[in-house]
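Peer 1: sequence and predicted structure are below.
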Amino acid sequence: MTKAIASLTLCTFLAVTSASAQTPAVTDPPKGAGAALATFLSRNRTRIMRADADHDGRVSRAEWAAWWDARPGKGPYDPAGRFRAIDADGDGFLTAEEIDTTSSKRFARLDADHDGRVVRAERPCRAK
């Protein structure tokens, strides 16, 4: 009986040990490692969608103008031009897809070393 218990204990131990050895450790990226594309897109979309005053899932030209008028000196140097650049279909509304498309292009421009991350040194407004 004790041989059976010892064997069962040993088998359980070996199974648990080999399973944990095969599971990769999940670690957070080190501080300052930069933003990956998904994080970059999410942050930009969230920031721009704050202007969506009526919460319909899109930002109108009027909502955009009101948002930046309430924050002088905090946004793009040409808010109307920035709106036109993001509004790819020219319908007068910014959607999440349009924001993501524009942000993806910006990410590609900023990721100078093409490592899939944008670090502080690669962002001209944050490099100082």
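Peer 2: Cool, the structure landed.
Peer 1: from here on, contacts and neighbour counts on C-alpha atoms
Peer 2: OK.
Peer 1: so where does the residue nearest the centre of the chain fall, helix or strand?
Peer 2: Nearest to the geometric centre of the chain sits Thr39, at 1.5 Å (C-alpha atoms, centre = their mean). Assigned by DSSP states H and E, Thr39 belongs to helix 37-49.
Peer 1: adjacent strands (with direction) for the next helix or strand after that helix?
Peer 2: Next helix or strand after helix 37-49 toward the C-terminus (DSSP H and E): strand 59-60. When sheet partners are counted by DSSP bridges, strand 59-60 sits next to strand 93-94 (antiparallel).
Peer 1: roughly how far out does the strand it pairs with sit from the chain middle?
Peer 2: Distance of strand 93-94 from the chain centroid (C-alpha atoms, centre = their mean, to the nearest Å) equals 20 Å.
Peer 1: for stretch 73-88, same thing?
Peer 2: On C-alpha atoms, centre = their mean, the centre of stretch 73-88 falls 20 Å from the chain's centre.
Peer 1: report the mean per-residue pLDDT for the helix or strand hosting Ala108.
Peer 2: Element membership for Ala108, per DSSP H and E: helix 96-110. The pLDDT scores in helix 96-110 average 93.
Peer 1: returning to that earlier point: what angle do the helix holding Thr39 and helix 96-110 make?
Peer 2: Counting by axes from the mean of the first three to the mean of the last three C-alpha atoms, to 10 degrees, helix 37-49 lies at 130 degrees to helix 96-110.
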